[in-house]
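*Asks:* what follows is a predicted structure for the sequence shown.
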Amino acid sequence: MIKFFRKIRQRMLSESKFSRYFFYAIGEIILVVIGILIALQINNWNEERKLDRLELSLLQEMKGNLVSDISDMQENIGYHERALQSASIILASFENGLPANDSLKKTLRKCSLGTEILSHHDRL
């Protein structure tokens, strides 16, 4: 194909048809520019496709993280609800003037949300 165009150029120059050669050269330049524009558009489409895949991957990762966060929060809610129940039991015991016993100490530990409470001389 290149030989074909080369022969056309050489024939036009040898026949001294500069105006035809000029139009031929302009046409060739336009074809090259069109080819470059097409290549750039294809590259842009490819980059957009890559960004779309990256976006989808990030959204899927975010979804997984949110599901994990919800699970953790539900577990924490249950833990805090149990601590609230324990605190209510302890408060009722204090209000009723009940003496401290081992059961109350265990309940107090549940209420403390994992903080270890040491009693002085085995008293509350």
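*Replies:* Looks like it arrived, so ask away.
*Asks:* can I get stretch 66-77 as CSV, trimmed to CA atoms?
*Replies:* C-alpha atoms of stretch 66-77 as CSV (Å, rounded to 0.1, in the frame of the first residue of the first chain):
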residue,chain,number,x,y,z
LEU,A,66,-19.9,-2.0,55.1
VAL,A,67,-21.3,-5.5,55.6
SER,A,68,-18.5,-6.3,58.0
ASP,A,69,-19.0,-3.0,59.9
ILE,A,70,-22.8,-3.8,60.2
SER,A,71,-21.9,-7.2,61.6
ASP,A,72,-19.5,-5.7,64.1
MET,A,73,-22.0,-3.1,65.1
GLN,A,74,-24.7,-5.6,65.7
GLU,A,75,-22.3,-7.6,67.8
ASN,A,76,-21.4,-4.5,69.8
ILE,A,77,-25.1,-3.6,70.2
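*Asks:* low-confidence ranges in this structure?
*Replies:* Scanning the chain for pLDDT under 70 picks out 1-2, 5, 9, 12-13, 16, 112-124.
*Asks:* and the helices in it?
*Replies:* Applying DSSP state H to the chain gives helices spanning 2-14, 18-96, 102-111.
*Asks:* as TSV, these with mean neighbour count would be great.
*Replies:* (C-beta placed from N, C-alpha, C; glycine too.) Putting the helices of the chain into TSV (neighbours: other C-beta atoms under 10 Å) gives the following:
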stretch	mean neighbour count
helix 2-14	11
helix 18-96	11
helix 102-111	15
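*Asks:* the residue sitting furthest away from the middle of the chain and residue 6, how far apart?
*Replies:* In the chain, residue 15 marks the outermost C-alpha relative to the chain mean, sitting 65.7 Å out by C-alpha atoms, centre = their mean. Residue 15 sits 15 Å away from residue 6, going by C-beta to C-beta, to the nearest Å.
*Asks:* hang on, residue 108 packs against residue 83?
*Replies:* No - counting by C-beta atoms under 8 Å, residue 108 stays clear of residue 83, with 10.4 Å between them.
*Asks:* report the central residue of the chain.
*Replies:* Within the chain, the residue whose C-alpha comes closest to the C-alpha centroid is residue 58; the distance, by C-alpha atoms, centre = their mean, is 2.8 Å.
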